[in-house]
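Q: Return atomic coordinates for the entry below.
(chains A and B)
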Amino acid sequence: MSTDANHEIAVRCQGVTKTYGTGVAQVAALRGIDLDVRQGELLMLVGPSGCGKTTLISIIAAILDKDGGQCKVLGHDLEQMSQNDRVRFRGKSIGFVFQVFNLLPSLTALENVAIPLLLNGVPRGRAEERVRSALDSVGLGERMNAYPAQLSGGQQQRVAIARALVHNPKLIVCDEPTSNLDHKTGQDMMDILRGVAQSPDRALIIVTHDPRILGFADRIAYMDDGRITDIIAGKHRGQLQ
Amino acid sequence: MLYIALKMLMADRAKYTGLLLGIAFTAFLVTFAAAYFSGFMTRGFALIAENGAADVWVMDAAVESVEQTINMPDSALDRIRGVEGVRYAVPLALGTVDARFPNGRFQTFQVIGVDDATLAGAPVLKDGGVPTVLRAPDAAIIDDGGTSGKLLTPVLKTDQWPHDGAHLEAAIRELAVGDELLANDQRIKVVGRSETLPRFPPRPLIYTTFANAARILPQERHLLTFVLATAEPGLSPNDLAQRIHARTGLRARASEDFKTDTVRWYLVNSEDVGDMAAMLILAMSVGFGVTGVLLYIFTYENLKQYAVLNAMGATPRVLLSMIFAQTGICALTGTGLGLGACVLVGEITAKAGYPFRMMWFTPLLGTVGVLIVSLTAAAISARPVLKLQPAVVFAGR
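A: A predicted model of the protein is given here:
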């Protein structure tokens, strides 16, 4: 189900399929997904558990191989890339925000946020400057030396957002970013994602169960049983156009 | 990323401490076992070590160690003295005799008969006396040779050499100067006690003159076990050994080579050494197993973190370097602790009279052993990291 927008396409999936298991245990997670995500857009993937949302963003984020179809991300055909190129592509071009934050518990907020920069070869001194700025932008400038265990869930997720943004990626994928947060913190988080993460040359894909945050989307893609069943314009559609 | 790897390693103090202790224990065990084994082997060639003045040991062509010997004809001594380059050569007799104590008990001794003229090979006495006391008739210097409580005699004169049979249960004391023993029905008079290098296997020793040894040892046609030769200045022990062998047909070995021969002989022929080695290998295997499993578990428990790093752009090479850096730091720190502990405990052990000897290769063995096991464990634990699907970072995977 492609869109008809004039905006530059950040992600284009055509007929993407994925199955898990073999023989009688085989489960089709994706049954031919067609989806375009445009630059500057915040797209939400919504659907019941097991419908294939996480599988789809894993494929888009180049951390899972698809079985069939085509998937171009930021102009790159993932299938044509070697494993190492794909890892480097992820490190440079994609930011991740996870449901369970996935901060490294042994590192401070500052060190956690610095990881993408260090992986991209930025010297530690320069990385630190950029990390401070990223943490300031999510309101955690004062807690940069705190360890994850010393931060609340909301603060941890803000650190994760800073980590996803610090290297200025062109695509950010978020997996249930608000599901471990209370309503107020979830709304704050979405404000940050919309306000800080979204820019004209950057696409955001958010997988969510949380109906309370659907209002932040430019478009909402509904999934069921491995297929996209509907795509509707969100509240922010007007902004996009 | 190495900094991050080290922070990951040290973040959980309890786990890190456990890992270090496990590795330290392994390094300690391997080094201690090797040093203990070296101690035994050193005791095996104690007779060679305590005759430092001898450059070359000459023996029957079939003899390979000081532990299993056969004697040569007495004429061998003159033949050796006749070889060009021999500065001097002295005889040494080695044999075993059962000696009876004054209360009727008995003990097997190794008899070491030294040259009557020079007394070369005789030990310094415990009380600082000189071995010239051996020139007295029937004189012998006795030594416990690594044993304890075996050289005893009755306290009371009436219990010594009684006419009414043995006084086996009489109160006893350590043998001292002036006491007598019977060996092969010949009188031996204790003229001193020495404290030479302990033997392996431990056994009491009787040092006496060659002539006296001939008197107390069981009758044999030949008595000459070794000839200890010293080289003329400018001639190396190895060259002299080759020359003696060429001229006499006897086996001649430089002292250092003969020590090595003796160790090899023990390794090949002694069942005791085999049993010890088996026990040590078992102990080492346990230590190695502990280290390997701990390192593997550490990496395995951090799989999710590696997956996150991989998702964020850490290549397999970066992940591998992190794992090996963590392993290397653990291995080196743990080995350092283990070796330190080994030196401390070894010092105490050696002072207590046990055969602990830290030779140059023992800490090396411990270090190399731990490094091999650690790197193997790292390589094994790296496999799941490299095979990891980074998709596990998303909930539900």
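
Q: dump the residue contacts of residue 171.
A: In the absence of a named chain, this looks at chain A. When contacts are counted by Cβ atoms under 8 Å, 6 or more residues apart in numbering or on different chains, residue A:171 touches A:10-11, A:60-61, A:73-74, A:93-95, A:202-205. (Each C-beta comes from the backbone N, C-alpha and C, glycine too.)

Q: Not quite, go with chain B.
A: Contact criterion Cβ under 8 Å, 6+ apart gives B:154, B:155, B:156, B:159 as the residues in contact with residue B:171.

Q: Ramachandran angles for it?
A: Dihedral angles of residue B:171 (phi, psi; degrees, to the nearest 10) stand at phi -60, psi 140.

Q: Looking at it now. What's its pLDDT?
A: Among the per-residue scores, residue B:171 shows a pLDDT of 93.

Q: Relative to chain A, how far out is it?
A: The gap separating residue B:171 from chain A is 69 Å, by Cβ to the nearest Cβ, to the nearest Å.

Q: And residue B:22, by the same measure?
A: The value you get for residue B:22 to chain A, if Cβ to the nearest Cβ is used, is 20 Å.

Q: Which positions in the helix or strand containing that residue come out as buried?
A: Residue B:22 belongs to helix B:13-44 when assigned by DSSP states H and E. Buried residues in helix B:13-44, counting neighbours by 16 or more other Cβ atoms under 10 Å in any protein chain shown, are found at B:15-16, B:19-44.

Q: And it, what does it pack against?
A: Packing contacts for helix B:13-44, counted by 3 or more Cβ pairs under 8 Å, 6 or more residues apart in numbering or on different chains; DSSP states H and E, involve helix B:255-269, helix B:271-301, helix B:316-351, helix B:361-386.

Q: Figure out how far it is from the centre of its chain.
A: Remark: helix B:13-44 is offset 17 Å from the chain centroid, using Cα atoms, centre = their mean, to the nearest Å.

Q: And stretch B:156-165, by the same measure?
A: The answer for stretch B:156-165 is 41 Å, by Cα atoms, centre = their mean.

Q: Give me the nearest residue to the closest residue to chain A within the stretch 101-250 of chain B, chain neighbours excluded.
A: Per Cβ to the nearest Cβ, residue B:200 is where the stretch 101-250 of chain B lies closest to chain A, at 50.7 Å. Closest residue to residue B:200 in three dimensions, ignoring its sequence neighbours and counting by Cβ to Cβ, 6 or more residues apart in numbering or on different chains: residue B:43, at 3.6 Å.

Q: Please tell me I have it right and residue B:30 contacts residue B:368.
A: No: using Cβ atoms under 8 Å, residue B:30 makes no contact with residue B:368, being 9.1 Å away.

Q: For residue A:26, grab the count of nearby residues.
A: Applying other Cβ atoms under 10 Å in any protein chain shown, we find 9 residues neighbouring residue A:26.

Q: distance of it from chain B?
A: Using Cβ to the nearest Cβ, we find residue A:26 at a distance of 17 Å from chain B.

Q: Report the contact partners of that residue.
A: Contacts for residue A:26 were tallied using Cβ under 8 Å, 6+ apart; they are A:19, A:20.

Q: residues contacting the residue lying closest to residue B:308 once chain neighbours are set aside?
A: The spatially closest residue to residue B:308, leaving aside those adjacent along the chain, is residue A:102, at 4.7 Å (Cβ to Cβ, 6+ apart). If you count contacts by Cβ under 8 Å, 6+ apart, residue A:102 has them with A:96, A:160, B:304, B:308, B:393.

Q: would residue A:105 count as being in a helix?
A: No: using DSSP: H, G, I helix; E, B strand; the rest coil, the assignment for residue A:105 is coil, not a helix.

Q: Read off the pLDDT value for residue 70.
A: Picking chain A for this. 91.

Q: Oops, wrong one, chain B.
A: The predicted local confidence for residue B:70 comes out at a pLDDT of 96.

Q: Out of the helices and strands packed on helix B:13-44, flag the one nearest residue A:168.
A: Distances from residue A:168 to each of the helices and strands packed on helix B:13-44 were compared by Cβ to Cβ, and the smallest falls on helix B:316-351, at 20.5 Å.

Q: Buried residues in that closest one, which are they?
A: Across helix B:316-351, burial judged by 16+ other Cβ under 10 Å covers B:316, B:318-320, B:322-327, B:329-332, B:334-335, B:337-339, B:341-342, B:346, B:349.

Q: what does stretch A:44-52 give?
A: Applying a neighbour-count criterion of 16+ other Cβ under 10 Å, one finds A:44, A:45, A:46, A:47, A:51, A:52 buried in stretch A:44-52.

Q: nearest spatial neighbour of the residue in chain A positioned nearest to chain B, skipping sequence neighbours?
A: Across chain A, no residue is closer to chain B than residue A:91, which sits at 1.6 Å (Cβ to the nearest Cβ). For residue A:91, ignoring the flanking residues on the chain, the nearest one in space by Cβ to Cβ, 6+ apart is residue B:313 at 1.6 Å.
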